[in-house]
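Chemist: This is a predicted model, with the sequence first.
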Amino acid sequence: MSTESKLAVVLRYLLYITAFVPLIIFSDFISPFHFGKVVVFRSLVEIMVVPYVLLMWADASYRPKTTRIFWAFLFFTLAFSVTTVTSTQPFQSFWGTLERMGGLWTFWHFFLFFIILTSVLRTRKNWLTFFEITVFVGLLSAFYGFGQKTNISWIVGSGDRARIFGTIGNAALFAGYQLLNLFLALTLFFLPESTKNRKIFFASSVLIMGIAVMMTAVRGSLLGLGVGLSVFALSYVWIYRPNKIKKVFIGLAIFFIILIGTTFLFRSTSVVQNSGYLKRVTNFSIDAYTVQTRFWAWQAGLKGWSENPEKIVFGWGPENFNIPFSKYFNPKFFAGPGSETLFDRAHNMFVEVLVTMGLLGFLTYLGIFLELFKELGKKIKERSADTIFGVGFTALTIAYMIHNSFIFDTSANFLTFFSILGFVSYLSVSGRVDKNLEHEDKKSLTTRPNKAIYNTVAVFLTIGSLTLIYNTNIQQVKANYATTRAIISGWNNDFDGAVSKYKEAVSYNVPGKYEERHQFAQYMIDRTANKSSLAPNVIDAMKLAIDYAQKNADEYPRDYLPQLYLSRLNIILGKNNPKSPYNDEALKHSLKALEISPTFVRTFYEVGQAYINKNDIDHAAEYFKKAAELNPDVGISYWYWAAIEMQRGNPDLGQELATKAVMKGYALGENEYLSLVNSYLKKNDFQKIALLYEKLIGINPKNAQYHASLAVAYSRLGRIDDAISQAKDAAGIDPSFEAEAKRFVQSLGKVW
C-alpha cells in the first residue's frame, strides 16, 4: 500500500471517529454538553490536517473539490471572518463563549472538516459507512435521552425529566439533532442498495428518533417534523408512484391529521390541560410566554441591526447578539429575581445571522441553502439511483430550516448538517470526477516529493498540530476543570480552596477567562451578600473579584454584566459606611450599566441600593420608582419602592405600594404581612386587611387566628356568609376557637 493510500485510510478512520463526537459529555466541566464536543472535534480536525496536507502534496486528486456548494460554504465562512474583524467585540467573535463554544476559530474547523470529508470519502461506500455511523450515534443519543426519564445515576440529566435532551444538553437543540438524523435514516431506508437488515436498522432508527423528538415537546421541531415528513411523502409518491407505499403514506397522513386535529379540537378539555406535555405542544398562541420572549428577542436584535448602515451590512459581530439584545432590552423579560433576562442567541438562526453578521453574512448563509436546493433539485430531475437523496435531503433541509426558525445551531447539529452538505457536494461531482480519472493519466496527479523534505515537513506539521492542540484545547480544558473544582470547593465551604482554584483557572489566560472571572465574582457575591462583617481574607478575595470583574469590563465594554457585578461587589464592601468610596464606585458602575442597557430593570435596583448605602434615600426612591414604571407587573419593584417611601416618612404611599407588591405576586414573609395588617388597622382599611389575611392563609392555611381575623375583616365589609365560613374554619382547625366563633356568628344575627 502506497504512503498516500495509507494516509487516506488513516483519514477515513479519523472521519469515522469524528462522527461519534455528538456523544461526548464532559460532566465535570462548565457547559458539559458543548465544551467537550468542541475541544475534541477541534483536536481531531487539527490532527487530520497533518496527514491531509501530506496526502494532497503526494496526490493532487485529493485536493478540495470546488463545487458550487463548496464555494457557497466558503463565502459564508469568509463573511464570518470579515464580520469578526469588524465586530463590536472581536475577541468574543473569534473565540466564542465558554457556554456555546462557537466563534470564528471553531467555525473554520467545520469548514476544514468539510474539505477533508469531501476530499477523502471518494466512494459511495465510504459515504454510506460514514452515514451509518452517524445514524447509529444519533440512535445512541436518543436512548441516552430515554434514560433521562429514569433514575439511573450515571446518566446526566436523569430523574424522570419532563423533556429529554439526550447527549446535546438542551431539549430544542437535541430535537434538531434528532431531526437531521431521522431524515438521514429515512432517506437511507429507501436507498436501492440497502439490505434487509439495514432497512430494519434505518426504519427502527426513524421510529425511535421520532419518539425522541416527540418527547422533547419542542413545538418548532414538531412542526418541522410534520412538514418534513409531508414533503417527503408527497415527493416520494409523486416521483415513484408505488401503490403499496402510496397507501401506507396516505394512511399515515390521515392518522396524523386525525391525531393532531383531535388534540387541538379538545385542547381546552381537562384531559389536555391536565397533561403538561399536551398542554405545551398544543399551545401555539402568540400570547404564550415562551413565544412572546422569542418575539421580544427578535425585535431587540432587529432594532440593533437597523441602527446604522454599518450594522446593516456587517452586523454586531458573530457571538455578539447579547449586545443589541441588552441595548434594546424589553423590560417585560424581567418578571422578578430568577427571570431569564439574557439571550446570547436570537433563538432563530436567520435572525441571529442577520443581526450578528449583517446582510453580508445573511445573504451568504442563504446562499448555502439555495445551492443545496439547486443540487437536490437536479437529483430529483435525473430520476436516477441518487434521486432518493434529492427527495430525502430536500425534506430534511426544509424540516431543519423550520426548526432553526425557533432555535440556533451548536456543534452536534453543525457536524451532522455539514456532513450531509458534504455528501451533496460529492454527488454533484462524483460522476464527472470518476469519468475524468478513467481517461486521465493518474501518474500526472501524483508527485514524488523529496523524501527528506517530505519527512521534515511532516515532523514540523505534527509538532505544530500538537502545539496548537495544547495551547487552544488542552489549556482550555485545564482552566475549565479548575473552575469546576473551585465551584465544588465553594459548595463544600472550603473558601481558601475555592479562591485558590479560581486563581488557577484565571492564570491560564485562555479563551473562557471571561466566564471564569465571572464565576469567581458570583461566588464572592453569594458568599458575602448577607454578612454583617467580613474577615480580612474575605475582603482581600473581594478585591481580587473586583479586579477580575474590572478586566471583564475593560475587555467587553459593551457588556453590562461586568458593570453590574462591579456594582454589587462594591455595594457589599461599602454597606456599613455611607462615606465609603466603595459606594461611589458602586454607583459609577451601575450607572455605566444603565448607559449600556437603559431598560434593564435589575440595574435600577443596583443604583437604588448604592444610593441607600450613601443614605441618599430620595435618589434611591427615584430609581426604584423608575424600575416599577418600566415593568408595572413586577411585584418586587413596588416592595423596594415601598420600603424606601416608609423611610422617607410617607407611610400612606408606602402601604399602598406594599399592597400593590402583594397584588402583583410578590411573596412577603408572614411577619411582613402582619406588619402591613397593623398599619392598615390604624386606618380601618378592612378591604386591604382582608386581602392580606387571604395571602397569609395561602401561606399558612392551618393558622386558626388568620381565619378568625379574616372573618372579622369580612364582617366589617358586609360579607357575612364569608365571615361565618372563616369563623367555622378557625373552629375546625383549633377547637379552642369554637366558643368565640359561635358568639361571633350570633353577633351577626346568624345561627351556628
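Modeler: Looks like it came in fine.

Chemist: going forward, measure contacts between C-alpha atoms and count neighbours the same way
Modeler: Fine.

Chemist: Okay, domains of the protein per the record?
Modeler: Structural domains annotated on the chain: 3-445, 669-752, as defined by automatic domain parsing.

Chemist: any idea which of those domains is most buried?
Modeler: Highest mean neighbour count among those (mean count of other Cα atoms under 10 Å): domain 3-445, with a mean of 19.

Chemist: how about the domains of the chain in CSV, adding distance to residue 550 and mean pLDDT?
Modeler: Shown next, in CSV, are the domains of the chain (distance: least, Cα to Cα, whole Å; pLDDT from 0 to 100):
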stretch, distance to residue 550, mean pLDDT
domain 3-445, 16, 89
domain 669-752, 36, 88
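
Chemist: Which one of these lies nearest to residue 562?
Modeler: In this view, the domains of the chain are compared for proximity to residue 562 by Cα to Cα, and domain 3-445 is the closest at 13.0 Å.

Chemist: what about that closest one, distance to the chain center?
Modeler: With Cα atoms, centre = their mean, to the nearest Å as the basis, domain 3-445 stands 15 Å off its chain's centre.

Chemist: where do the helices sit along the stretch 1-150 of the chain?
Modeler: Chain-ordered helices for the stretch 1-150 of the chain, with DSSP state H, counting those that start in this stretch as the definition, fall at 3-18, 35-58, 68-85, 90-95, 104-120, 124-147.

Chemist: cool, the stretch 551-700 of the chain as well?
Modeler: Counting by DSSP H, counting those that start in this stretch, one finds helices in the stretch 551-700 of the chain at the ranges 560-574, 581-596, 601-613, 617-630, 635-647, 651-663, 670-681, 686-699.

Chemist: And the next helix or strand after the last one, what does it pack against?
Modeler: With elements assigned by DSSP states H and E, the helix or strand that comes after helix 686-699 is helix 704-716. Helices and strands touching helix 704-716, by 3 or more Cα pairs under 8 Å, 6 or more residues apart in numbering; DSSP states H and E, are helix 686-699, helix 720-733.

Chemist: Please work out the angle formed by the directions of the next helix or strand after the last one and helix 720-733.
Modeler: It stands for helix 720-733. Taking DSSP H and E as the definition, the helix or strand that follows helix 720-733 towards the C-terminus is helix 738-747. Here helix 738-747 points in a direction 170 degrees away from that of helix 720-733 (axes from the mean of the first three to the mean of the last three Cα atoms, to 10 degrees).

Chemist: what sits up against helix 738-747?
Modeler: With Cα atoms under 8 Å, 6 or more residues apart in numbering as the test, helix 738-747 has contacts from 708, 724, 727-728, 730-732, 751-752.

Chemist: can we see that at 7 Å?
Modeler: 724, 727-728, 731, 751-752 (Cα atoms under 7 Å, 6 or more residues apart in numbering).

Chemist: Residue 611: which of these is nearest?
Modeler: Comparing every one of those with residue 611 (Cα to Cα), the shortest separation belongs to residue 727, at 46.7 Å.

Chemist: and the gap between that closest one and residue 52?
Modeler: Taken as Cα to Cα, to the nearest Å, the spacing of residue 727 relative to residue 52 amounts to 85 Å.

Chemist: Also residue 77?
Modeler: The separation that residue 77 has from residue 52, given Cα to Cα, amounts to 20 Å.

Chemist: Could you do residue 229 as well?
Modeler: 38 Å.

Chemist: Could you do residue 500 as well?
Modeler: Using Cα to Cα, we find residue 500 at a distance of 43 Å from residue 52.

Chemist: Repeat that for residue 201.
Modeler: In this structure, residue 201 and residue 52 are 33 Å apart, going by Cα to Cα.

Chemist: now swap in residue 494 and tell me
Modeler: 49 Å.

Chemist: Now do the longest helix along the chain and helix 68-85, the angle between them.
Modeler: Secondary structure of the chain per DSSP state H: the longest helix is helix 349-382. With the same axes, to 10 degrees as the basis, helix 349-382 and helix 68-85 are set at 170 degrees to each other.
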